[in-house]
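Participant: this is a predicted model, with the sequence first.
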Amino acid sequence: MVDVIILNGGSSSGKTTLAKCLQNSLSTPWLRFSIDDLIDAMPDIMLEADAGIKFGDDGSVSPGTEFRILESAWMHGIGEMSRRGARVIIDDVFISGIEACNRWEATLEGLEVMWVGVFCDPTVASLRESEREDRVAGMAVSQATAVHFGIHYDIKVDTTKTSPEECAQTIRRKINP
């Protein structure tokens with residue numbers, strides 16, 4: 001039985017919408033958390049300090065040491081919730097690639113994790129990004145493929161032309177064949 005589902009994909013690839021559709025399609029209750037939730041929970045100073053998380057004008061993202069400390073605490077909290085019986089869907093962007101995957105693996109040790117790659121054509125993701133006020137231009141293109149390097153997935157979905165609902169059903173069928 002799957003305890004945790006991790007959706008990894010670039011900015012504006014459709015992870016959050018997919019996570020909501022997946023959550024609503026499952027027959028048992030699942031909690032949903034996003035890396036955006038963590039960033040939104042941080043004080044504004046964390047978005048300005050070098051040790052926090054910086055968003056460059058070119059779409060780059062630079063997490064600092066204080067951000068990594070808070071991220072680790074957040075990840076461990078999610079792991080503990082899962083160990084206590086909560087099923088969890090995580091929507092993340094593996095900026096550091098395989099290192100991010102390794103951090104989650106260590107944090108979720110002993111739990112059954114389904115790794116889902118959420119792909120989207122960079123041009124489509126860029127268009128979605130331009131329609132959102134909360135994104136820095138360039139993030140979608142710079143992250144579209146980079147976040148997937150070296151990651152092994154249990155399942156991959158592509159939101160370029162496939163609806164979030166269809167992607168959610170593909171994942172749900174993998175959970176409950």
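Facilitator: Good, I have the coordinates.

Participant: residues of stretch 120-139 that come out buried?
Facilitator: Using 16 or more other Cβ atoms under 10 Å as the test for burial, stretch 120-139 gives 120, 122, 124-126, 128-129, 135-136, 138-139. (C-beta placed from N, C-alpha, C; glycine too.)

Participant: same question, stretch 18-38
Facilitator: 18-19, 21-23, 26, 30, 32-35, 38.

Participant: tell me the bridge partners for the most centrally placed residue in the chain.
Facilitator: Geometric centre of the chain, nearest residue: Asp92, 1.5 Å, by Cα atoms, centre = their mean. Beta bridges link Asp92 to Asn8, judged by DSSP bridges.

Participant: correct me, but it touches Gly10?
Facilitator: No - Asp92 is beyond contact range of Gly10, at 10.8 Å (criterion: Cβ atoms under 8 Å).

Participant: remind me what the helix or strand Thr123 falls within packs against, helices and strands.
Facilitator: Element membership of Thr123, judged by DSSP states H and E, is helix 122-130. Helices and strands touching helix 122-130, by 3 or more Cβ pairs under 8 Å, 6 or more residues apart in numbering; DSSP states H and E, are helix 139-143.

Participant: avg pLDDT for the helix it packs on?
Facilitator: For helix 139-143, the mean pLDDT works out to 89.

Participant: what's the answer for stretch 27-39, then?
Facilitator: pLDDT averaged over stretch 27-39 gives 95.

Participant: endpoint to endpoint, it covers what distance?
Facilitator: Stretch 27-39 has an end-to-end distance of 30 Å (Cα to Cα, to the nearest Å).

Participant: how far away from the center of its chain is it?
Facilitator: Using Cα atoms, centre = their mean, to the nearest Å, the mean C-alpha position of stretch 27-39 is found 10 Å from that of the whole chain.

Participant: report the buried residues of the helix ranked longest in the chain.
Facilitator: Longest helix of the chain, by residue count under DSSP state H: helix 65-83. Residues of helix 65-83 classed as buried by neighbour count (16+ other Cβ under 10 Å): 66-67, 70-71, 74-75, 78-79, 81-82.

Participant: Asp158: what's its closest spatial neighbour, skipping adjacent residues?
Facilitator: In this structure, Asp158 finds its nearest non-sequential neighbour in Phe119, 4.5 Å apart by Cβ to Cβ, 6 or more residues apart in numbering.
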